[in-house]
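J.: I need the structure of the sequence given here:
(2 chains)
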There are 2 protein chains.
Amino acid sequence: MDQQIILYAIPVSGILALLYAFMRASWISRQPEGTETMATIAGHIADGALAFLKREYKVLIIFVISVAILLAFANSNRSGTSPIIAVSFIVGAFCSALAGFFGMRVATKANVRTTNAARTGLADALNIAFSGGLVMGLSVVGLGVLGLSVLFIIYSRMFPEISQVSEVINLISGFSLGASSIALFARVGGGIYTKAADVGADLAGKVYEGIPEDDPRNPATIADNVGDNVGDVAGMGADLFESYVGAIIGTMVLGAAFVPVFSGMGIDPVAGVMLPLVIAAVGIIVSIVGSFFVRVKEGGNPQHGLNMGEFGASIIMAILSYFIIDRMLPATWVADGMIYTSLNVFWAVIIGLVAGVLIGIITEYYCSTDNKPVVGLARQSITGSATNIIAGLGLGMMSTGLPIIVLSIAIVASSYFAGLYGIAIAALGMLSVTGIQLAVDAYGPISDNAGGIAEMAGLPKEVRERTDKLDAVGNTTAAIGKGFAIGSAALTALALFAAFRQQANIGALDVTQPVIMAGLLIGAMLPFIFSAMAMGAVGRAAGDMIREVGRQFNEIPGLREGTAPAEFAHCVDISTKAAIREMILPGLLGVLVPVAVGFTSKEMLGGLLVGVTSSGVLMAIFQSNAGGAWDNAKKRIEGGIEFDGVVYGKGSDTHKAAVVGDTVGDPLKDTSGPSLNILMKLIAVVALVIAPLL
Amino acid sequence: MDQQIILYAIPVSGILALLYAFMRASWISRQPEGTETMATIAGHIADGALAFLKREYKVLIIFVISVAILLAFANSNRSGTSPIIAVSFIVGAFCSALAGFFGMRVATKANVRTTNAARTGLADALNIAFSGGLVMGLSVVGLGVLGLSVLFIIYSRMFPEISQVSEVINLISGFSLGASSIALFARVGGGIYTKAADVGADLAGKVYEGIPEDDPRNPATIADNVGDNVGDVAGMGADLFESYVGAIIGTMVLGAAFVPVFSGMGIDPVAGVMLPLVIAAVGIIVSIVGSFFVRVKEGGNPQHGLNMGEFGASIIMAILSYFIIDRMLPATWVADGMIYTSLNVFWAVIIGLVAGVLIGIITEYYCSTDNKPVVGLARQSITGSATNIIAGLGLGMMSTGLPIIVLSIAIVASSYFAGLYGIAIAALGMLSVTGIQLAVDAYGPISDNAGGIAEMAGLPKEVRERTDKLDAVGNTTAAIGKGFAIGSAALTALALFAAFRQQANIGALDVTQPVIMAGLLIGAMLPFIFSAMAMGAVGRAAGDMIREVGRQFNEIPGLREGTAPAEFAHCVDISTKAAIREMILPGLLGVLVPVAVGFTSKEMLGGLLVGVTSSGVLMAIFQSNAGGAWDNAKKRIEGGIEFDGVVYGKGSDTHKAAVVGDTVGDPLKDTSGPSLNILMKLIAVVALVIAPLL
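T.: Purely as a prediction, here's the structure:
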């Protein structure tokens, strides 16, 4: 097939994704919202989510424009660089922000419609919730591929003065920085938002007497539900958008030197550069096909349907990638004195896919209510909250072992097959079906919201039971999704790191050199500082929330009795302000440290990247799994847990001890842990972007 | 001066240390024990400590003999190695075990005599407690220097077939492995022991009704007091013995190639090899001199006296090291194409000394009751234990920042001045006054014990007030000591790492190579697994303890009423058994992983060392400071803390929340955190020892 046709087919797949997402979104909108109360509550949540996005995007516009000017300025009048990189940056930021906007708008429509569908049955409810997630998933991959491929086509066509494909990709790397900027705001800010509301709502009852926790009268409940959308839908979406785009660009950069140049097109497009875009484009189609497998019979287990979709898509993708790679790459070739084969590149993709699935399964093992770790943790709650916390910390730390071994094997094996390009394309393999993966992830918070709405609207018990069934599955998919997000972030960071080295002309990075060792140590320290900042932010913002809840209960007559409505918007506003205020310092840290270190010594920056990735992935797994396990240990106890003949259940001291663990785990798993995914990639992408300047 | 005289003067300083320690120990023994009750209680503690040591040493003998046989076997019939290394290993293990034995015997005599002295005044009490610590400190440095220097002299004289000084040092490296083995048992096993007793005693009251926490009737209290000696005296002693010996040997290995060979002695001794021994020997004398500065007037602050001793010794050491280095090294010389000067080597020593002091001060800032971090943590307890835990985790993570920056600067600066030798001798500089540093550390648990005895013996309030005053200072010195132990462990691990590379002929360690990157990731993961194991061990052992306490309260008539004595020995036995059982798996992990990785690829082992050091130092600081801060936040609340006009004190809900944090922090700061010091050094020393075999 003509390479030119392939090149123009890539953005078409992105458009397809957006069209299909639009179809599903329209279908969701046409579903009934249910009772008036339900519509009102859902309206509050949707308004709150929109208010957050508006405020966030206002700050973002200033941030993006400032960075764009800096980028343009820094890349002027230097050979091998161009101020056009600022355009890529703006487009990247815009695509990510737009994907977040689409996803969240639809999620806040899907939640109440899922509740309404659950009034009559399970199948339709699952379908709506999953469709909501699918819109997020397809928006992310669609805008990612569309944006990147259009930039690639334009740059290589419109600017004839750019002769080298590597220079084109260098310009495109700005797209990745844009994606990272949005991810920083959406994931870190969103994480602070959601946990400030959640922790604040939970603790208000402790501080002020007579304020019920988890009660519709609690003014922070709407903010809590908004938080699910802000953190778990938009935040997760921006996180995976960053990984997805980072993996594609990292592979493109390395591809420029990987496969011998082919002829035929204007800018000497090389197969190694186009391959990641093609895999991503095909992955979009496969994700759409996979979404048809997601079905559940009345009374069946929704988990089964979701698994069918995900695993089905993964298997199809594995098979298709064989044919893609076989067609696009020569059967064997020699580069840098090494012999490569297309078959080996295929194996690297498979390694990434399998590693992603394995990390998900391991995460599920450590966090699921049915397995030994969480059951043990629940039992440790019998002796009080201290033993619950100690055991949870231990569980989280222990859970780093297997994922790191999987990652290490993936790194060694994929590079054995195809060098550094192998590591990068393994990352892309892991992310190739992000469309459906993210759909399954985002399905979780939508179901969670649906349950919250059922509770607040006072719907009959069986509705809540159905949404609980959806939500329980959502917890498992959330755990798997978090493991997947961390694994892909680590591989993406490594791909970007390899790309950085190529662009910065760093051959070897000898850690025995003191400067590099110091860079590594400082890099390894950053995830600790970043986590501490995120936790501190949640603590402060939750404090603000607690005081506001107390004020409303004292000042609004009738609120306590349930006769007057709470001022939900105030609480939403507090979370929003706090999230944006608290995000600035860690954000600056993530951007300025690599710049400062890089201009001191580019080798030291290399060491910093290694340090931040190694310690970042460990701290992310530790925090995410500890938090997930605490959450499920609490749930497990609510179902009743037996020890030495005694059963401990909801309301017991054991349950209270487990609630402490759950509260501690909240910011770990939803704020500080996930924010490390962003930190790893952000620092790597900043390094990649400034590489030509060093 | 003749180099030969210097060489023979080194062991003399070691003997001097032991003689002086013996003098002080005899003086302590001659002090009165006080009332019969006091003597009985102290007897229980001393018996318990001895019982632990006996059991531990029984297991140790089997372990040491097995490893010695393996070592001898592995080093037979290979050029450049010799089975004599097994002898060094046995001697190293013996010296460390003996130092631990001396220190603990005297500590368990000093505790009750400190209590008795506190019945009349503060000055004598401080003197006894400090003297007890000094015996530990001088035993460690005395046996360390004596053992190492005698082996050096014997090997270089008795075995004329060993012609190269580097081969002699290679044989001596077994000494360091012996020290590491004991450290593993003493620090990890001791840490599990002490916290199983402490946590078990605290929680028994929660699980069984009517059992008082912190009450003399609680059968676990004696085990708790034994634990202070086992963990904080013997464990800390073995930890610093390992660092001390590791830093000396690491510097000796690097010294063999650092300074041009001088003539005059049988085996071509080189100045760079002897310098670390001389600095250590002089450091012993300086520590003894420093101990004379430790005085307190009645009504004065004991902290002042201890500071005088430590800082005085550091300053004298700094001045003397200038003259030592000036005499021993040429003014300038060229090696490997670089110009070195004796003055620059001196600066490297000073950098180490200063870095050690700075890390201590930073640790104190984060853990002291008077500073912002702990006060903030105390206030976060007002909203319950969840916010207390979140804030403590955040504090611990945040506290990694400054120490890592200090370490990074120390690494870059010391190697700027004197290459890798500079890093190693900076580690030694930090450890040069270990004698008095450890004396101040070990003073803490002795004072703590003294307070416990006063409580259990029902002495008048003013006695407890005096011991509390000593103990409060002990908490600060403990925090500083922990920071110092971590910093020195990290630098020692780096010194050993550099020595390993030299012995294994590894030039550069390019982390961009996938195998090295995988080694680094796996290495960085080990501290998480090790910590998780240690925490799990404490949890399980504490559970055993809780059940035993419950059994005694149910089965011993009169125990609840205080008319019958508890079976203390049973509790001591449970802690002992648990400690030894639980230590095996992490111990094997620390030994087998580097061996397995090393024989796969020595470069991968290099990556592993970098990973384990970087993540180990971070996790150690995080856990140690979080634990220290939780402990002091609880103490701070006991003194009453004000917020928004309300004062929260002992017995309040705020206090209860802080107690949860304190209990969580216990295993973090006293078991899993400190055990990482051992892990870092152990893995590096195993690598160094097996280096010639790879």
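
J.: Only C-alpha atoms from now on, for both contacts and neighbour counts.
T.: Will do.

J.: Run through the residues of the stretch 351-500 of chain A sitting next to chain B.
T.: Contact residues, the stretch 351-500 of chain A versus chain B (Cα under 8 Å from any Cα of the partner chain): A:383-387, A:389-391, A:393-395, A:397-398, A:400-401, A:404-405, A:408-409, A:411-412, A:415, A:498.

J.: how does it look with 6 Å?
T.: Contact residues, the stretch 351-500 of chain A versus chain B (Cα under 6 Å from any Cα of the partner chain): A:386, A:390, A:394, A:397, A:398, A:408, A:412.

J.: Could you turn the buried ones of those into a ChimeraX selection?
T.: Buried subset of those, written as a ChimeraX selection, criterion 16 or more other Cα atoms under 10 Å in any protein chain shown:
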select /A:386,390,394,397,398,408,412
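
J.: leaving aside the residues next to it on the chain, what's closest to residue A:631?
T.: Leaving aside its chain neighbours, residue A:631 sits nearest to residue A:662 (4.8 Å; criterion: Cα to Cα, 6 or more residues apart in numbering or on different chains).

J.: how would you label the one you found: helix, strand or coil?
T.: Residue A:662 falls in the helix class when you classify it by DSSP: H, G, I helix; E, B strand; the rest coil.

J.: pretty sure it contacts residue A:632?
T.: No: Residue A:662 is beyond contact range of residue A:632, at 8.2 Å (criterion: Cα atoms under 6 Å).

J.: So between the two, which is more surrounded?
T.: Remark: of residue A:662 and residue A:632, residue A:662 carries more neighbours, 28 against 24, as counted by other Cα atoms under 10 Å in any protein chain shown.

J.: With residue A:668 as the reference, measure out to the more buried one.
T.: Noted for residue A:662: a distance of 10 Å to residue A:668, by Cα to Cα, to the nearest Å.

J.: same deal with residue A:410?
T.: Counting by Cα to Cα, the gap from residue A:410 to residue A:668 is 27 Å.

J.: what about the longest helix in chain A?
T.: helix A:461-504 (DSSP state H).

J.: from the middle of its chain, how far away would that helix be?
T.: Put simply, helix A:461-504 sits 6 Å off its chain's centre (Cα atoms, centre = their mean, to the nearest Å).

J.: same question, stretch A:382-391
T.: Taking Cα atoms, centre = their mean, the mean C-alpha location of stretch A:382-391 is offset from the chain mean by 30 Å.

J.: all strands for chain A, in order.
T.: Along chain A, counting by DSSP state E, strands occupy A:332-335, A:338-341, A:641-643, A:646-648.

J.: Now the first one - C-alpha only, CSV.
T.: Presented in CSV, the C-alpha positions along strand A:332-335 are these (Å, rounded to 0.1, in the frame of the first residue of the first chain):
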residue,chain,number,x,y,z
THR,A,332,15.3,-7.9,8.4
TRP,A,333,17.6,-5.0,8.4
VAL,A,334,20.8,-3.7,9.9
ALA,A,335,21.1,-0.5,11.9
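
J.: in its sheet, what does it sit against?
T.: Applying DSSP bridges to the sheet, strand A:332-335 is found paired with strand A:338-341 (antiparallel).

J.: same thing with the third one?
T.: In the sheet containing strand A:641-643, the strands it pairs with under DSSP bridges are strand A:646-648 (antiparallel).

J.: Show residues contacting the partner strand.
T.: The contact list for strand A:646-648 (Cα atoms under 6 Å, 6 or more residues apart in numbering or on different chains) reads A:640, A:641.

J.: Where does pLDDT dip in chain A?
T.: Across chain A, the ranges flagged by pLDDT under 70 are A:1-2, A:77-81, A:159-163, A:205-215, A:259-269.

J.: What are the boundaries of the helices in the stretch 301-450 of chain A?
T.: Ranges of helices within the stretch 301-450 of chain A are A:302-328, A:342-367, A:372-380, A:385-398, A:401-431, A:434-456, based on DSSP state H, counting those that start in this stretch.

J.: List the buried residues of the first one.
T.: Right, helix A:302-328. For helix A:302-328, a neighbour-count test (16+ other Cα under 10 Å) marks A:302-303, A:305-306, A:308-314, A:316-318, A:320-322, A:324-326, A:328 as buried.

J.: Which positions in chain A make contact with chain B?
T.: A:386, A:390, A:394, A:397-398, A:408, A:412, A:508-511, A:514-515, A:518, A:521, A:528-529, A:532, A:535, A:614, A:660, A:664.

J.: what about residue A:65, how many neighbours?
T.: Neighbours of residue A:65 (other Cα under 10 Å): 14.

J.: ok, the nearest residue to it once chain neighbours are set aside to residue A:252 distance?
T.: Excluding the flanking residues, the one nearest residue A:65 by Cα to Cα, 6+ apart is residue A:90, at 7.8 Å. In this view, residue A:90 and residue A:252 are 20 Å apart by Cα to Cα.

J.: Same question for residue A:27.
T.: In terms of Cα to Cα, residue A:27 sits 37 Å off from residue A:252.

J.: Tell me which of the two has more neighbours.
T.: Neighbour count, other Cα under 10 Å: between residue A:27 and residue A:252, residue A:252 has more, with 31 against 12.

J.: wait, that one sits on residue A:275?
T.: No: counting by Cα under 6 Å, residue A:275 is not a contact partner of residue A:252; they are 8.0 Å apart.

J.: Any idea how far apart the tips of stretch A:641-654 sit?
T.: 10 Å.
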